[in-house]
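1. fold the stuff below for me.
(3 chains, ligands or ions: 3)
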Amino acid sequence: MKLLITIVQDADAPGLIKALSEHGFQSTKLASTGGFLREGSTTLLIGVEDSQVEAVKDVIREKCRTRTRLITPGVPMAEAPDPFLAQPVEVRVGGAVVFILNVEEFMKV
Amino acid sequence: MKLLITIVQDADAPGLIKALSEHGFQSTKLASTGGFLREGSTTLLIGVEDSQVEAVKDVIREKCRTRTRLITPGVPMAEAPDPFLAQPVEVRVGGAVVFILNVEEFMKV
Amino acid sequence: MKLLITIVQDADAPGLIKALSEHGFQSTKLASTGGFLREGSTTLLIGVEDSQVEAVKDVIREKCRTRTRLITPGVPMAEAPDPFLAQPVEVRVGGAVVFILNVEEFMKV
Ligand code: NI
Ligand code: NI
Ligand code: NI
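-> Numbering: from 1, shown residues only, chains lettered A, B, ... in the order given. Ligands and ions are numbered 1, 2, ... in the order given. Here you go, the predicted structure:
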């Protein structure tokens, strides 16, 4: 058995948890901040059989891939005479860091 | 040495932490939600010598066993003319999931 | 690769996270309480190459060493005629507990 300690952006966490559940994988959510990703990260504990690790990794890659999003800075036009200031800017979102650990023993009560 | 990542119901956590402490085992509590158990789970980190793993598992089994509890739904009698609606219902509480990991090295400062 | 699950006092966490970052090590902060240390602990996940483990341990030792601090109990003089009650008392602060786990596989999305 393996334990995947998975750190994702807060914004991606609900979609990832839902997708994992739909694929039959349970996860436990820990509150976390900063670090491997930008502010506002969520750490998930996902325990699965060795044979399922690749399937879980697929779901994580699918739901948390690094992508860009266009954000228009909220600058009032009157205070931003320079039109470049009102242009949407591209920000990177998503991403995930996964530590896969060997589970020596598993107990369910 | 082993690290037991232990997920229990919030309601069982204080009793488990107290029992672990009385048996000489320290634990660190992480806030967590959902997943392996119903909403409101607590994740404990418990580090112990290999020879103590069975004793810790005994305490967890003792304090977090899955059991049923009778709950009477809070339905006002006037709105529940069917007497069956006022019957207590049995709900399952408790349970625990424990991932036991090998600790390569331990440092105490 | 290794994962260092590091439990420190809340008061030491910001300084440790800053020092780790200055040494090029990223960390993810989990909210935690009690246990290995007095109330108010922070748990950090720090993933590093095997060759960097000693450097991370040095930073933790430097920033979280157990030390004493003098604290003057906030007792109003009028209510503490015994001069010993107004003496500063020495309290121990700091300390850290580190579980170093082997990472079987690491994925970054
Ligand atoms: Ni899919
Ligand atoms: Ni007992
Ligand atoms: Ni230094």
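2. report the beta-bridge partners for the closest residue to chain B within chain A.
-> Here chain A gets closest to chain B at one residue, residue A:28, 3.5 Å apart by CB to the nearest CB. The C-beta positions use only the backbone N, C-alpha and C, and glycine is treated the same way. Going by DSSP bridges, residue A:28 is paired in beta bridges with residue A:45.
3. so what's the closest residue in space to residue A:50 that isn't next to it in sequence scoring on pLDDT?
-> Spatial nearest neighbour of residue A:50, excluding adjacent residues (CB to CB, 6 or more residues apart in numbering or on different chains): residue A:2 at 5.9 Å. On the pLDDT scale, residue A:2 is placed at 96.
4. distance of residue A:2 from residue C:65?
-> According to CB to CB, to the nearest Å, residue A:2 and residue C:65 sit 35 Å apart.
5. okay, those two: which has more neighbours?
-> residue A:2 (19 against 13; other CB atoms under 10 Å in any protein chain shown).
6. what's the weakest-modelled helix or strand in chain A?
-> Evaluated with mean pLDDT, DSSP states H and E, the helix-and-strand set of chain A has its lowest mean pLDDT in strand A:28-33, which scores a mean of 78.
7. show me which helix runs longest in chain A.
-> Looking across chain A with DSSP state H, the single longest helix is helix A:53-64.
8. any idea which helix or strand comes after that one?
-> Per DSSP states H and E, helix A:53-64 leads on to strand A:67-71 as the next helix or strand towards the C-terminus.
9. residue A:109 and residue B:59, how far apart?
-> Distance of residue A:109 to residue B:59, computed by CB to CB: 11 Å.
10. next: residue A:103.
-> Separation of residue A:103 from residue B:59 (CB to CB) stands at 20 Å.
11. and if you look at residue A:49?
-> Distance from residue A:49 to residue B:59, by CB to CB: 27 Å.
12. and those two? Which one has more around it.
-> When residue A:49 and residue B:59 are compared for neighbours, residue B:59 comes out ahead with 17 against 12, by other CB under 10 Å.
13. ranges for the strands of chain A?
-> A:2-9, A:28-33, A:41-48, A:67-71, A:89-93, A:96-102, A:105-108 (DSSP state E).
14. quick check: which of these is buried the most?
-> By mean neighbour count, with neighbours taken as mean count of other CB atoms under 10 Å in any protein chain shown, strand A:41-48 ranks first of the strands of chain A at a mean of 24.
15. on contacts alone, who are the packing partners of that one?
-> Judged by 3 or more CB pairs under 8 Å, 6 or more residues apart in numbering or on different chains; DSSP states H and E, strand A:41-48 is in contact with strand A:2-9, helix A:13-22, strand A:28-33, helix A:53-64, strand B:96-102, strand C:28-33.
16. for the residue nearest to residue A:102 when sequence neighbours are not counted, what are phi and psi?
-> Distances taken as CB to CB, 6+ apart place residue C:104 nearest to residue A:102, at 5.3 Å, with adjacent residues excluded. Dihedral pair for residue C:104: phi -70, psi -40, per degrees, to the nearest 10.
17. how deep is residue C:104 tucked in, by neighbour count?
-> So residue C:104, with other CB under 10 Å, has 14 neighbours.
18. now swap in residue A:51 and tell me
-> 8.
19. and residue A:1, by the same measure?
-> 16.
20. on that earlier part again, the residue of chain A closest to chain B against residue A:45, yeah?
-> Yes - with contacts counted by CB atoms under 8 Å, residue A:28 reaches residue A:45, the gap being 4.5 Å.
21. hang on, the earlier thing: can you give me the distance of the residue nearest to residue A:50 to residue B:101?
-> 10 Å.
22. identify the contacts common to those two.
-> Common contact partners of residue A:2 and residue B:101 (CB atoms under 8 Å, 6 or more residues apart in numbering or on different chains): A:101, A:102, A:103.
23. chain C versus the first one, what's the distance?
-> Relative to chain C, residue A:101 is positioned 6 Å away (criterion: CB to the nearest CB, to the nearest Å).
24. repeat for the last one
-> Distance from residue A:103 to chain C, counting by CB to the nearest CB: 10 Å.
25. tell me, how many residues neighbour that residue?
-> Neighbour tally, residue A:103, other CB under 10 Å: 18.
26. confidence score at it?
-> 97.
27. so who does it touch?
-> Shown in contact with residue A:103 (CB under 8 Å, 6+ apart): A:1, A:2, A:3, A:47, B:99, B:100, B:101.
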